[in-house]
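Chemist: have a look at this prediction, sequence included:
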Amino acid sequence: MVLAGGPDRERPVSLQSGAAVAYALREAGHDVREYDIGPDDLSALKTFEKWGGDVLFPVLHGRWGEGGGLQLLLDDRELAYVGSRARAASLCMDKSRAKKLFLDAGLPTPDWQLLDSTQMPSMHPPIVIKPNNEGSSIDVAICHNPTQVKQAWRELGRRNSHLLVETFIGGKELTVGVVDRLDAEGGGTFALPPLQIVPAASFYDYEAKYHREDTQYLFDIDLPESLLVEAQRLAIAAHEHAGVNHLCRVDMIVDADQRIWILEINTLPGFTSHSNVPLAADHMGEPLHVFVDRLVRLALESSARLNLTANAGP
């Protein structure tokens, strides 16, 4: 059963992703049902249990659907599902906590502050201002001078109780997907090919991600191969330190000195026609129907391991 929609601000993207995943799963030979779900309507879960479904495939983006709320409900019901458990989902949705984890693990990330929106940032521009727990570049502002900082803070503070302020680092924007291996493949994780994003707009904002057709997605990247391998290593390290399950997408910047900076980690990447992880999987040789089939099989294996552990006794 594919779950999509939800109450979060990325609901339209979730519906697109959910439809793409459901279509691909049917192409892979699965019997699939699609349901909208939200904290005020959990009827899909009752339907799933009555139907006798094997795996839930949540394709939600945002605080509740991706940030641990839905995952906690699924964990409590001991249901098999694609994606990270509630603890890792909550951690990665909280950008400030995730960045602290990166630092503690020795992974490079730009300096930042987490502030109540009634405060003003003390960091000097250029800076990036964004909500601490949103995705899809919603309410992101890049500020190059104090006037832009004041304007962005006033506008974003109306919609967000807390804002993350981060040192702006210019350079090449890379994203690296990380995927778990099936037991038959020996377990562990592997990194998808790094993808460079080149937006036609000033930065990779919501419109560039989902609506514009002039964003470039490059696998032939003008960087040393050793640096791209290092980007994959850092992405796998972020995945493992965060306790992520099945898949994630790690967003990075490579600055002018060819230093890599991890920006954030996304535990439920999109599955639209513009989405980075499906593009990278396809480039690697796994078209969408093969890739989503891998993910549901990973979910079944994870569920079986959890059941074995629970039934093992003292």
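Modeler: Received, thanks.
Chemist: okay, now Arg181: neighbour count?
Modeler: Residues near Arg181, counting by other CB atoms under 10 Å, number 13. The C-beta positions use only the backbone N, C-alpha and C, and glycine is treated the same way.
Chemist: what sits against it?
Modeler: Listed by CB atoms under 8 Å, 6 or more residues apart in numbering, the contact partners of Arg181 are 187-190.
Chemist: can you check Val244 too?
Modeler: Applying CB under 8 Å, 6+ apart to Val244 gives the contacts 84, 88, 92, 178, 265, 267.
Chemist: model confidence at Asn132, what's the number?
Modeler: If you check Asn132, the pLDDT there is 89.
Chemist: hang on, I meant Glu207
Modeler: So, for Glu207, pLDDT stands at 53.
Chemist: quick one on the thing from earlier: can you put the contacts of Val244 in a markdown table and add pLDDT and neighbour count?
Modeler: Formatted as a markdown table, the contacts of Val244 follow (pLDDT from 0 to 100; neighbours: other CB atoms under 10 Å):
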| residue | pLDDT | neighbour count |
| --- | --- | --- |
| Ser84 | 97 | 26 |
| Ala88 | 97 | 21 |
| Cys92 | 96 | 28 |
| Val178 | 98 | 23 |
| Ile265 | 96 | 26 |
| Thr267 | 96 | 29 |
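Chemist: just those now: which is nearest His61?
Modeler: His61 lies nearest to Thr267 out of those, by CB to CB, at 9.9 Å.
Chemist: now that closest one. Its backbone dihedrals?
Modeler: phi -90, psi -10 (degrees, to the nearest 10).
Chemist: and the helices in this protein?
Modeler: 11-27, 43-51, 69-76, 86-93, 95-104, 146-157, 206-210, 225-241, 276-284, 288-311 (DSSP state H).
Chemist: tabulate these (CSV), appending distance to Leu114.
Modeler: Formatted as CSV, the helices of the chain follow (distance: least, CB to CB, whole Å):
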stretch, distance to Leu114
helix 11-27, 25
helix 43-51, 33
helix 69-76, 20
helix 86-93, 14
helix 95-104, 4
helix 146-157, 14
helix 206-210, 22
helix 225-241, 19
helix 276-284, 26
helix 288-311, 32
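Chemist: most tightly packed of those?
Modeler: By mean neighbour count, with neighbours taken as mean count of other CB atoms under 10 Å, helix 86-93 ranks first of the helices of the chain at a mean of 22.
Chemist: if we can go back for a sec, quick one, which of the helices of the chain gets closest to Leu174.
Modeler: Of the helices of the chain, nearest to Leu174 by CB to CB is helix 225-241, at 5.7 Å.
Chemist: what's that closest one packed up against?
Modeler: helix 95-104, strand 172-180, strand 189-191, strand 247-254, strand 260-266 (3 or more CB pairs under 8 Å, 6 or more residues apart in numbering; DSSP states H and E).
Chemist: give the pairing partners of the fourth one; include direction for each.
Modeler: Just to be clear, that refers to strand 247-254. strand 172-180 (antiparallel), strand 260-266 (antiparallel) (DSSP bridges).
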